[in-house]
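Asker: here are the coordinates; sequence isn't available:
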């Protein structure tokens, strides 16, 4: 059984969850993982290489972007391994589930969501400070933070929240044939509700901030400098990740509502889209970078074409 079985285990009996018509979102996830993740890794390597010689890539925004890229790649790899392992080696996982493998699979899903949503909110706040409050004390303080401190801000709060809220060890697989995650239904409702609230708070913060950014841009569009336009492009880069987060929020809320109302048929129908709801937040990352981030795109060209050739093209 694939990892699309999050939820009340008894509901999966309503439809054939192993059919192609049910599993096609998971197949799409596999395809996107194989094609998009290598590109994402390449972009991350390019940014890390560029940090050696370019001051631009040593800024706070890129430090956060590096952390977020790592979180995205890990989250996608985690789900890919989880879904694949339950198909390829179910007997092994079932035999050694006393190592809390099922708990890691279930809780890890929520940990990855929390970390990435926190990262999107953090990048959005950084964009607001750089564009709207560029000369404020808090902006100067943020820009002067050492990279390791920014990394701590990115990772520690979501990891702490996840450890407190999503660490139930009492989760197991039912049988090696079905590999359905079995747990207390109250924990399912609690985790779904908690994650929905967390993602919603993150979305509300981002919506308010983007509203303020748009207002500021409209008021200052006549005096936009080259640097200002660059900051706006980076904000657009982050905004698409936020848009993907909104899609995930809609999915989580719909799943929670169907679970609370006992609509088991809709729960199963909706659950098939879990791989895409989970993966979209990360899959969109490299595309937003390639579309809006000219600095990274230039570095990629230099990496593949060479400095002289890129200069000639430009």
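Answerer: Ah, there it is. Everything numeric here is computed off the predicted structure, so don't read it as measured data.

Asker: Which residue ranges of the stretch 1-150 of the chain form helices?
Answerer: 20-50, 60-88, 90-95, 101-131, 137-143, 147-165 (DSSP state H, counting those that start in this stretch).

Asker: Contacts for the last one next, please.
Answerer: Residues lying outside helix 147-165 but in contact with it, judged by Cβ atoms under 8 Å, 6 or more residues apart in numbering, are 58, 60, 63-64, 67-68, 71, 107, 110-111, 114-115, 117-119, 122, 145, 191, 194, 198. Using the backbone N, CA and C atoms, a C-beta is placed for each residue, glycine as well.

Asker: ChimeraX command for the buried members of the residues you listed?
Answerer: Buried members of the contacts of helix 147-165, identified by 16 or more other Cβ atoms under 10 Å, are gathered into one ChimeraX selection as follows:
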select :60,63,64,67,68,71,107,110,111,114,115,117,118,119,122,191,194,198
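
Asker: show me where pLDDT drops low in the chain?
Answerer: 1-22, 306-314 (pLDDT under 70).

Asker: now with 50?
Answerer: 1-14, 308-314 (pLDDT under 50).

Asker: Distance check, residue 204 against residue 246.
Answerer: Distance check for residue 204 against residue 246: by Cβ to Cβ, to the nearest Å, it reads 11 Å.

Asker: brain fart, residue 100
Answerer: 33 Å.

Asker: Between its first and last residues, how far does stretch 158-172 reach?
Answerer: End-to-end span of stretch 158-172 (Cα to Cα, to the nearest Å): 25 Å.

Asker: same deal with stretch 140-152?
Answerer: First-to-last residue span, stretch 140-152, Cα to Cα: 18 Å.

Asker: Going by neighbour count, list what's buried in it.
Answerer: 142, 150-151.

Asker: again, but for stretch 164-174
Answerer: Here stretch 164-174 shows 165-166, 168, 171-174 as buried, counting by 16+ other Cβ under 10 Å.

Asker: between these, which is nearest residue 283?
Answerer: Lowest distance from residue 283 to these (Cβ to Cβ) belongs to residue 166, with 22.7 Å.

Asker: Next up, phi/psi of the closest one, please.
Answerer: phi -130, psi 70 (degrees, to the nearest 10).

Asker: residues contacting it?
Answerer: Counting by Cβ under 8 Å, 6+ apart, residue 166 has contacts 107, 110-111, 114, 191, 194-195.

Asker: Leaving out the residues flanking it, which one is nearest to it?
Answerer: Excluding the flanking residues, the one nearest residue 166 by Cβ to Cβ, 6 or more residues apart in numbering is residue 110, at 4.1 Å.

Asker: surely that neighbour meets residue 192?
Answerer: No - Residue 110 is beyond contact range of residue 192, at 9.0 Å (criterion: Cβ atoms under 8 Å).

Asker: Is there a neighbour count for the residue nearest to residue 39 when sequence neighbours are not counted? I'd like the number.
Answerer: Nearest residue to residue 39 in three dimensions, chain neighbours excluded: residue 286, at 4.9 Å (Cβ to Cβ, 6+ apart). By the criterion of other Cβ atoms under 10 Å, residue 286 has 22 neighbours.

Asker: I'd say residue 286 and residue 40 touch.
Answerer: Yes - using Cβ under 8 Å, residue 286 is in contact with residue 40, at 4.5 Å.

Asker: Overlap in contacts, these two.
Answerer: Counting by Cβ under 8 Å, 6+ apart, nothing touches both residue 286 and residue 40.

Asker: okay, now residue 246: neighbour count?
Answerer: Neighbours around residue 246, by other Cβ under 10 Å: 14.

Asker: Got phi/psi on it?
Answerer: According to degrees, to the nearest 10, residue 246 has phi -60, psi -40.

Asker: Now do residue 52 against residue 58, distance only.
Answerer: From residue 52 to residue 58 the distance is 9 Å (Cβ to Cβ).
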